[in-house]
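A.B. asks: My questions are about this predicted structure, shown below with the sequence.
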Amino acid sequence: MKAASFVSRIICFLVIFTLFVSIDGHRAEAAYTYQGKVNVDSLNVRSNAGTSYAIIGKLKKDQVVTVYENRQGWSKIAFGQKYGWVSSQFLINVTWTGYVTGTNLNVRKSPSATAGILTQLGKGTAVTVQGKDGSWLKVYIPSKKVTGWVHGDYISNNPAAPAPTVTTAATKVATTQVVLLENSNFRKGPGTNYGSISIEKAGTLLTKIGESNGWIQAKRADGVTGWVAGWLVGAAPSSPLKGKTIVIDPGHGGVDGGASGRLYVEKRLTLNAAVELGSLLQKAGAKVIYTRSSDLYVSLNQRVAISNQSNAHAFISIHYNSCSGVCSGIETFYYNMAKDSAMARSIQSNLVKSTQLRDRGTKYGTYQVIRNNQRPAALVELGFLSNPTEESLIGTSAHQKKAAQGIYNGLAAFFK
Ligand SMILES: [Zn+2]
């Protein structure tokens, strides 16, 4: 029937559209977000903004959730793979104290570089960070009693944030560094805003003479001095992973379960695989940092911050996949072609070799944990929980060990 077919087409479109925006629970991000903490013993989560809507779950006291929207006394929050709504009066805005790292930092009326300027802040000024919109932070400045927006690049949560000055070579032993990535910029100063002196090839040796804020001051073989981003160079160690700092990010956790199949919930599998990977890396002499090591909710912002603040050599986010049709296999996402894609390719090919699962290839993905990451970052999807055959395989500890070995081999090959 014509009408039925039209309706089913609409439904089909809606299903596909919904999948597109929420595949694997990686929610599309709204503009202004902040963290809310539950201030009652038990808080109903409803399917929409009102007490007449179905209760889809509960939050416990002190649980922290990300708030995406406010509507007539109701807050839209991340809940499991979906969104839920809670009464706003039972959430307290979780804030943190930040410190201005630049000089004359503009506080603007809205999160845009063209918005009007309310005031300017001196270096070291304390601000209360209430929420964020992209790279912009919504702040309250207690000393001026002003609320506005500042760019997140100029705010640190460390009151003694190192000033962007040079750690002099006098106190450091000069070490030989090798350029890790092809076409790395050798710059006039410690930041991407400084001009390029030359473009260096992978494998080029430089002598490190200082460092500042994750940037390495180095001398070329011809004696010219310049700066390279710390993640572009590394000492040439005995094992390619020895001395490397690797941040492992087990996807989801706590209130955010991620995808679920018939047997397994994503958040548990990601943690198991992460621990397997971590122990392999530690044996090779790498320093391993987990964004979570228990069933804990950690915001995407926090995960990225851990990577950026630890000057990690690599950030690996571990996930398991889901789709509505029949899907199978492994895929690895990168965001920045120059910074991330070579590592993603190395991980993907070694994962496929080790697990023998279908190769879905490497893909560009705009997931926050890799998009906002200043370190080389990859997000791996280790198979489909929505595929019962694949789920029963990928959930076993034997297979998780294979997956961990695959990622490990990929990292070792990348850093070699
Ligand atoms: Zn996931």
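C.D. replies: Here it is on my side, so go on.
A.B. asks: Can you get me a residue count around the residue of the stretch 301-416 of the chain found nearest the ion?
C.D. replies: Residue nearest to the ion within the stretch 301-416 of the chain (C-beta to the ion): His319, separated by 3.5 Å. The way it works is simple: take the backbone N, C-alpha and C, and place the C-beta from them, glycine included. Neighbourhood size, His319 [other C-beta atoms under 10 Å]: 29.
A.B. asks: Quick one, grab the pLDDT at Asn183.
C.D. replies: Looking at Asn183, its pLDDT reads 85.
A.B. asks: thought it was touching Thr204?
C.D. replies: No. Between Asn183 and Thr204 there is no contact under C-beta atoms under 8 Å: 10.6 Å.
A.B. asks: and the residue minimising distance to the centre of the chain, what is it in contact with?
C.D. replies: The residue lying closest to the centre of the chain (C-alpha atoms, centre = their mean) is Val369, at 1.8 Å. Shown in contact with Val369 (C-beta atoms under 8 Å, 6 or more residues apart in numbering): 249, 300, 303-304, 307, 315, 317, 377, 379.
A.B. asks: Okay, and it sits in which element?
C.D. replies: helix 368-371 (DSSP states H and E).
A.B. asks: Quick check: Asp340 vs Tyr367, distance?
C.D. replies: From Asp340 over to Tyr367 the distance is 11 Å, taken as C-beta to C-beta, to the nearest Å.
A.B. asks: got it, and Gly203?
C.D. replies: Taking C-beta to C-beta, one finds Gly203 at 31 Å from Tyr367.
A.B. asks: Pick out whichever of the two has more residues nearby.
C.D. replies: Neighbours per residue (other C-beta under 10 Å) separate Gly203 from Tyr367, with Tyr367 holding more: 20 against 10.
A.B. asks: Could I get the contacting residues of the more buried one?
C.D. replies: 26, 317, 333, 335, 379.
A.B. asks: so how many other residues sit close to the fourth one?
C.D. replies: Tyr335 has 21 neighbouring residues, counting by other C-beta under 10 Å.
A.B. asks: Would you mind confirming that it is in contact with Ile370?
C.D. replies: Yes. Using C-beta under 8 Å, Tyr335 is in contact with Ile370, at 4.4 Å.
A.B. asks: who touches both of the two?
C.D. replies: With C-beta under 8 Å, 6+ apart as the test, Tyr335 and Ile370 both reach Ala377.
A.B. asks: Give me the mean pLDDT for stretch 130-141.
C.D. replies: 86.
A.B. asks: end to end, how far does stretch 66-78 reach?
C.D. replies: 6 Å (C-alpha to C-alpha, to the nearest Å).
A.B. asks: OK, contacts around Leu91?
C.D. replies: 36-39, 65, 67, 75.
A.B. asks: domains in the protein, as residue ranges please.
C.D. replies: According to automatic domain parsing, the chain is divided into the following domains: 24-93, 95-156, 169-235, 245-415.
A.B. asks: mind checking how far the longest one is from the chain centre?
C.D. replies: So the one you mean is domain 245-415. 11 Å (C-alpha atoms, centre = their mean, to the nearest Å).
A.B. asks: I'd like to know how many residues surround Asn183.
C.D. replies: Neighbours around Asn183, by other C-beta under 10 Å: 11.
A.B. asks: now the helices for the stretch 201-350 of the chain?
C.D. replies: 266-283, 300-309, 337-355 (DSSP state H, counting those that start in this stretch).
A.B. asks: would you turn those helices into JSON lines with mean neighbour count, distance to the ion and mean pLDDT?
C.D. replies: Below are those laid out as JSON lines (neighbours: other C-beta atoms under 10 Å; distance: least, C-beta to the ion, whole Å; pLDDT from 0 to 100):
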{"stretch": "helix 266-283", "mean neighbour count": "22", "distance to the ion": "5", "mean pLDDT": "94"}
{"stretch": "helix 300-309", "mean neighbour count": "20", "distance to the ion": "11", "mean pLDDT": "94"}
{"stretch": "helix 337-355", "mean neighbour count": "21", "distance to the ion": "16", "mean pLDDT": "97"}
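A.B. asks: Format the ones you listed as TSV; extra columns: distance to Ile117.
C.D. replies: Below are the helices of the stretch 201-350 of the chain laid out as TSV (distance: least, C-beta to C-beta, whole Å):
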stretch	distance to Ile117
helix 266-283	43
helix 300-309	25
helix 337-355	32
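A.B. asks: quick one, which of these is nearest to Val150?
C.D. replies: When the helices of the stretch 201-350 of the chain are compared for distance to Val150 using C-beta to C-beta, the nearest one is helix 300-309, at 15.6 Å.
A.B. asks: which helices and strands sit right next to that closest one?
C.D. replies: strand 245-250, helix 368-371 (3 or more C-beta pairs under 8 Å, 6 or more residues apart in numbering; DSSP states H and E).
A.B. asks: what's the longest one packed up against?
C.D. replies: Counting contacts by 3+ C-beta pairs under 8 Å, 6+ apart, strand 245-250 packs against helix 266-283, strand 287-290, helix 300-309, strand 314-321.
A.B. asks: what are the bridge partners for Ile246, then?
C.D. replies: Taking DSSP bridges, one obtains Val288, Ala314 as the residues bridged to Ile246.
A.B. asks: my guess is Leu280 contacts Ala404, does it?
C.D. replies: Yes. Assessed by C-beta under 8 Å, Leu280 is found in contact with Ala404 at 5.9 Å.
A.B. asks: what mean pLDDT does stretch 408-416 have?
C.D. replies: The average pLDDT for stretch 408-416 rounds to 94.
A.B. asks: pLDDT averaged over stretch 33-40 - what is it?
C.D. replies: In the prediction, stretch 33-40 has an average pLDDT of 85.
A.B. asks: Now do the buried residues in it.
C.D. replies: 33-36, 38 (16 or more other C-beta atoms under 10 Å).
A.B. asks: Please dump those residues into TSV; it should also carry distance to the ion and secondary structure for every row.
C.D. replies: Shown next, in TSV, are those (distance: C-beta to the ion, whole Å; DSSP: H, G, I helix; E, B strand; the rest coil):
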residue	distance to the ion	secondary structure
Thr33	18	strand
Tyr34	22	strand
Gln35	20	strand
Gly36	22	strand
Val38	24	strand
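A.B. asks: residue contacts, Val94?
C.D. replies: Shown in contact with Val94 (C-beta under 8 Å, 6+ apart): 34-37, 64.
A.B. asks: one more time with 6 Å, if that's ok
C.D. replies: Contacts of Val94 were listed using C-beta atoms under 6 Å, 6 or more residues apart in numbering, and they are 35, 37, 64.
A.B. asks: ok, and the closest non-adjacent residue to it?
C.D. replies: Gln35 (4.0 Å; C-beta to C-beta, 6 or more residues apart in numbering).
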